[in-house]
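A.B. asks: Pasting the sequence and the predicted coordinates here, then a few questions.
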Amino acid sequence: MIEVQHLVKRFPHKDKAGRAAFKTAVDDLTLCVGNGEIFGLLGPNGAGKTTTIRMMTMQARPTSGIILYDGLDTRRDARRIKSLIGVVPQHVNFDQDLTVGENLELHARLHHMGKEERRSSCGRSCTGRASCSSTSRRWRSIRRSAGASGRSSRIWPRAV
């Protein structure tokens, strides 16, 4: 179960007069998603949908409020929660200036994988898939490996 209680996100900015102010992106959101339920966030541009998802996936910190996953609090149990959830970004999130291997290494480090696990997983990801059939491909640029969109390259999840 996912519980969001009184979630608020404010960003600092300057008002029209150039004074320091805050822009509220999410204002006192409360919701509950039961186990097995599917939910979506709908609203116009600027309604706070992306900001809410970023807070729920621990990519941004709430200004205030609580987010719980089966009773685990994102403020105290982030590492445990990250091991339980998966995120599929809307847009390609590879650094186009890095190689396939460098992107795999970067994302593995961002998910706190140990050195041996990174080496094993990154090597397997680049050799064990039909779309990445040789280790030389690991050192190609994302642009060259993935075409214009970058969508044919993927970060594969660890086996659980």
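C.D. replies: Nice, I can see it. Numbers count the residues shown, from 1 in each chain.
A.B. asks: can you list the weak-confidence ranges in this structure?
C.D. replies: 89-93, 122-160 (pLDDT under 70).
A.B. asks: Do a quick rundown of the helices in it.
C.D. replies: For the chain, applying DSSP state H gives helices covering 49-56, 78-84, 100-110, 115-127, 142-146.
A.B. asks: Select, out of the ones you listed, the one closest to residue 26.
C.D. replies: helix 49-56 (5.4 Å; CB to CB). Just so you know, the C-beta spots here come from the backbone N, C-alpha and C atoms, and that holds for glycine as well.
A.B. asks: What helices and strands are in contact with that closest one?
C.D. replies: strand 2-14, strand 20-33 (3 or more CB pairs under 8 Å, 6 or more residues apart in numbering; DSSP states H and E).
A.B. asks: Can you tell me the centre-most residue of the chain?
C.D. replies: residue 87 (5.4 Å; CA atoms, centre = their mean).
A.B. asks: So that one sits against residue 54, correct?
C.D. replies: No. The pair residue 87 and residue 54 does not pass the contact test of CB atoms under 8 Å, sitting 9.8 Å apart.
A.B. asks: Quantify the burial of residue 4 by counting its neighbouring residues.
C.D. replies: Residue 4: 20 surrounding residues under other CB atoms under 10 Å.
A.B. asks: let me fix that: residue 88
C.D. replies: Counted with other CB under 10 Å, residue 88 comes out at 5.
A.B. asks: and the closest residue in space to residue 56 that isn't next to it in sequence, what does it touch?
C.D. replies: Nearest residue to residue 56, sequence neighbours excluded (CB to CB, 6 or more residues apart in numbering): residue 67, at 5.8 Å. By CB atoms under 8 Å, 6 or more residues apart in numbering, residue 67 lies in contact with 2, 3, 4, 5, 7, 55, 56, 73, 74.
A.B. asks: picking up where we left off before, excluding its backbone neighbours, what's nearest the residue nearest to the centre of the chain?
C.D. replies: residue 57 (5.1 Å).
A.B. asks: With residue 48 as the reference, measure out to the one you found.
C.D. replies: 14 Å (CB to CB, to the nearest Å).
A.B. asks: neighbour-wise, which of those two wins?
C.D. replies: Neighbours were counted for residue 57 and for residue 48 using other CB under 10 Å; residue 48 has more, 19 against 16.
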